[in-house]
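1. Sequence and computational prediction follow.
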Amino acid sequence: MGGCLQMHSVMKKVLSVTMGAALLGASAASLAEDELAVDINEGKNIFMNGKGDVPACQSCHGPQGMGNDSMGTPRLAGQVFAFVVKQLEDFATDKRQDTTMYVMNANAKGLSPQDRKNVAAYVNSLTTQGDKLSNLQELKTNGSDVGTTYIGKSIINYGIPAKGVPACRSCHGYNGRGVGPVYPKIGEQKYVYLVNQLKKWRDGSRANDPMSQMQHVAQKMSDEDIYNAASFLAGAEPLSVGNTRMPAEEKPFGHGGLTVTPGSSGH
């Protein structure tokens, strides 16, 4: 466990810089300014209405960015900014293939780098809607394989030592609430999406993870392990008992963080 946490600490420091530089896509002089300009209103417009040939993001992810189990699409609301930008860039450059709706590669290519940052900033600003989380009982009734929540909680907190599976929280934080800029929020994520992605990490059909971390983890997990972990994460609240606020989210680069266009703070 200590080795995993140490690797996580080193990776986070390295990737905070390398991903920040990639996200900014600017000259060394610009990087020195330590800020990233985004327009949340424009991101909202793209999300709600689309742009050019790119359809509205809400058509698959829902108007509040909560995703859809029937479609297999993920919750984007509140997702780590840098992670969303990276996924859009990976879709645009075909480093990741959309095997869910088969549209994200074309959609990402249809957006400029600035558009992607704007959309990422908008979805990051959205809050999770508790009444729109996955309904595990309904999924089970409709024929989906659903795991056992308390066993999943053990996997998230302690891993599966006998199989060499590390605790998910060692990278993704308490109840999978995310540790930016590298590790996304997987708590309160859609159940179907979690299951599908873990299986894709396992079979290699998704391989855009830093240092192949998720592939190494998922390859050691059985279907039952995946169902159990996803069943807990789908309803895992980000706050522990007695805490009323989330930790400050790490900004995409350095300490300057986002520079939001005036008048664009509305959701």
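-> It's in.
2. ok, how many other residues are close to residue 123?
-> Residues near residue 123, counting by other C-beta atoms under 10 Å, number 23. All C-beta spots, glycine's among them, are computed from the backbone N, C-alpha and C.
3. Residue 151 and residue 120, how far apart?
-> Distance, residue 151 to residue 120, using C-beta to C-beta, to the nearest Å: 34 Å.
4. quick one: contacts for residue 191?
-> 69, 134, 136, 139, 144, 146, 230-231, 234 (C-beta atoms under 8 Å, 6 or more residues apart in numbering).
5. could those be laid out in CSV, adding pLDDT and distance to residue 201?
-> Output for these, formatted as CSV (pLDDT from 0 to 100; distance: C-beta to C-beta, whole Å):
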residue, pLDDT, distance to residue 201
69, 98, 19
134, 98, 19
136, 98, 21
139, 98, 21
144, 97, 19
146, 98, 20
230, 98, 12
231, 98, 17
234, 98, 17
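6. Drop anything exposed from those.
-> Buried residues within the contacts of residue 191, counting neighbours by 16 or more other C-beta atoms under 10 Å: 69, 134, 136, 139, 146, 230-231, 234.
7. Is it possible to get JSON lines of the residues you listed that adds secondary structure?
-> Formatted as JSON lines, the buried ones among the contacts of residue 191 follow (DSSP: H, G, I helix; E, B strand; the rest coil):
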{"residue": "69", "secondary structure": "coil"}
{"residue": "134", "secondary structure": "coil"}
{"residue": "136", "secondary structure": "helix"}
{"residue": "139", "secondary structure": "helix"}
{"residue": "146", "secondary structure": "coil"}
{"residue": "230", "secondary structure": "helix"}
{"residue": "231", "secondary structure": "helix"}
{"residue": "234", "secondary structure": "coil"}
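8. Let's have these in TSV, adding distance to residue 159.
-> Converted to TSV, the buried ones among the contacts of residue 191 look like this (distance: C-beta to C-beta, whole Å):
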residue	distance to residue 159
69	26
134	23
136	22
139	25
146	21
230	15
231	16
234	19
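9. so which of those comes closest to residue 163?
-> Relative to residue 163, the closest of the buried ones among the contacts of residue 191 is residue 230; by C-beta to C-beta it sits at 16.6 Å.
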